[in-house]
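In: Sequence isn't available, so here's the structure alone:
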């Protein structure tokens, strides 16, 4: 299938095969990389760039293989990581990197039992016809993670495909990884996370009915976002950009429990600057640019409204100074 028109990239659509058996044509000299690619961060983008260059050299197609659900969700339910990027958004981000084809493997316990030898022979060679494989320097795969770079290179000689290992990229001495980014997000270090991602961290969700306090009580109407399984940032107030129907607006967001009103459920409420349309039921994307302060309890609505006014002014200043990275 092709990704829908909302996918985002500037080039041709990326072709998506949901399962190996859905591949309905021979792939042209495929150059492949394999991984979960949560976040599609700068390290992943480096891999994708190398895949594209190798494919161009071979007159072939660039291919990304990923998994859904995440292997840990299947092998250790309840113990998997919270995600930086939801699956559908991940595919759109991969497409925006200029990849030709994505193969999504429906991960299962049965698939997990496949040996590294079987995976290479049955999937990479016989089903895909891989000509070159580009992987991270620490890549391991197969049952019990028995396959490594040396194993792949030996099989590459046997089945006539090249293997290239790409070293991890570093920012300020730290290897860019999904784990490092997830930690930054959860600690409220959004500027640091955004540098490693190469774009703002974002949460997408449907606008739901809130308690109608933003406009009626405080004088600052808010859109209330239904939170998903993504990694939530540390509670607090943030300068954000909000994408609505392809247009981007500035805003200030509160992620937390509204202690002034004694709420107990985690909520994401966004005041969108210079915007007054009805958003109920609409899917919007909130991009976190910087953290302003901790969430705190105020004596009452009047004191809270004064602080919100200050937060909005600070957020406007931050957004004016911050370069926009899509």
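Out: Perfect, thanks for sending it. All figures in this text were calculated on a predicted structure; none of them were measured in a lab.

In: which residues does the most centrally placed residue in the chain contact?
Out: Centroid-nearest residue in the chain, with C-alpha atoms, centre = their mean: residue 85, separated by 2.6 Å. Counting by C-beta atoms under 8 Å, 6 or more residues apart in numbering, residue 85 touches 38, 39, 40, 93, 230. Glycine gets a C-beta too; all of them are placed from N, C-alpha and C.

In: If we use 7 Å, what do you get?
Out: Going by C-beta atoms under 7 Å, 6 or more residues apart in numbering, residue 85 touches 38, 39, 40, 93.

In: are any of those buried, and which?
Out: Among those, the ones that count as buried by 16 or more other C-beta atoms under 10 Å are 38, 39, 40, 93.

In: Quick check: the second one touching residue 197?
Out: Yes. Taking contacts as C-beta atoms under 7 Å, residue 39 lies within contact range of residue 197: 6.0 Å.

In: quick one: which of the buried ones among the contacts of residue 85 sit in helices?
Out: residue 93 (DSSP state H).

In: Identify the farthest-apart pair in the buried ones among the contacts of residue 85.
Out: 38 and 93 (10.5 Å; C-beta to C-beta).

In: give me the number of residues near the nearest residue to residue 282 once chain neighbours are set aside?
Out: Spatial nearest neighbour of residue 282, chain neighbours left out: residue 207 (5.4 Å); criterion: C-beta to C-beta, 6 or more residues apart in numbering. Counted by other C-beta atoms under 10 Å, the residues lying close to residue 207 total 19.

In: and residue 207, what is it in contact with?
Out: Per C-beta under 7 Å, 6+ apart, neighbours of residue 207: 223, 224, 225, 279, 280, 281, 282, 284.

In: Report the strands that pair with the lowest-mean-pLDDT helix or strand in the chain, each with its relative direction.
Out: Ranking every helix and strand in the chain by mean pLDDT, DSSP states H and E puts strand 174-175 at the bottom, with a mean of 82. Take DSSP bridges as the rule and strand 174-175 pairs in its sheet with strand 170-171 (antiparallel).

In: hang on, residue 257 packs against residue 266?
Out: Yes. If you go by C-beta under 7 Å, residue 257 and residue 266 touch, sitting 6.2 Å apart.

In: Going by how many neighbours each has, rank these two and give me the top one.
Out: Set side by side, residue 257 and residue 266 show more neighbours around residue 257, with 16 against 12, by other C-beta under 10 Å.

In: Kindly provide the distance from the more buried one to residue 295.
Out: To residue 295, residue 257 is 7 Å away according to C-beta to C-beta, to the nearest Å.

In: Give me the neighbour count for residue 223.
Out: 27.

In: Show me the beta-bridge partners of it.
Out: Where residue 223 sits in a bridge, its partners, by DSSP bridges, are residue 270.

In: The helix or strand where residue 292 lies pairs with which strands, parallel or anti?
Out: Assigned by DSSP states H and E, residue 292 falls within strand 283-293. Strand pairing for strand 283-293, determined by DSSP bridges: strand 201-208 (antiparallel), strand 236-244 (antiparallel).

In: what does that strand rub up against?
Out: By C-beta under 7 Å, 6+ apart, strand 283-293 touches 188, 190-191, 200-207, 223, 225, 233, 236-244, 253, 268, 270, 311, 314-315, 318-319, 322.

In: Can you pull the domain assignment for the chain?
Out: 5-171, 201-321 (automatic domain parsing).

In: can you put those in JSON lines and add distance to residue 180 and mean pLDDT?
Out: Formatted as JSON lines, the domains of the chain follow (distance: least, C-beta to C-beta, whole Å; pLDDT from 0 to 100):
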{"stretch": "domain 5-171", "distance to residue 180": "9", "mean pLDDT": "91"}
{"stretch": "domain 201-321", "distance to residue 180": "12", "mean pLDDT": "85"}
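
In: Including distance to residue 178, could these go into TSV?
Out: Shown next, in TSV, are the domains of the chain (distance: least, C-beta to C-beta, whole Å):
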stretch	distance to residue 178
domain 5-171	5
domain 201-321	10
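
In: Can you check which of the ones you listed gets nearest to residue 177?
Out: Of all these, domain 5-171 comes closest under C-beta to C-beta, at 6.6 Å.

In: Show me the helices in the stretch 151-300 of the chain, by range?
Out: All helices of the stretch 151-300 of the chain, identified by DSSP state H, counting those that start in this stretch, fall at 178-186, 190-197.

In: which of these sits most buried?
Out: Ranked by mean neighbour count, these are led by helix 190-197 with a mean of 22 (mean count of other C-beta atoms under 10 Å).

In: List of residues touching it?
Out: By C-beta under 7 Å, 6+ apart, helix 190-197 touches 39, 41-42, 171, 176, 180-181, 184-185, 200-201, 233, 238, 288-291.
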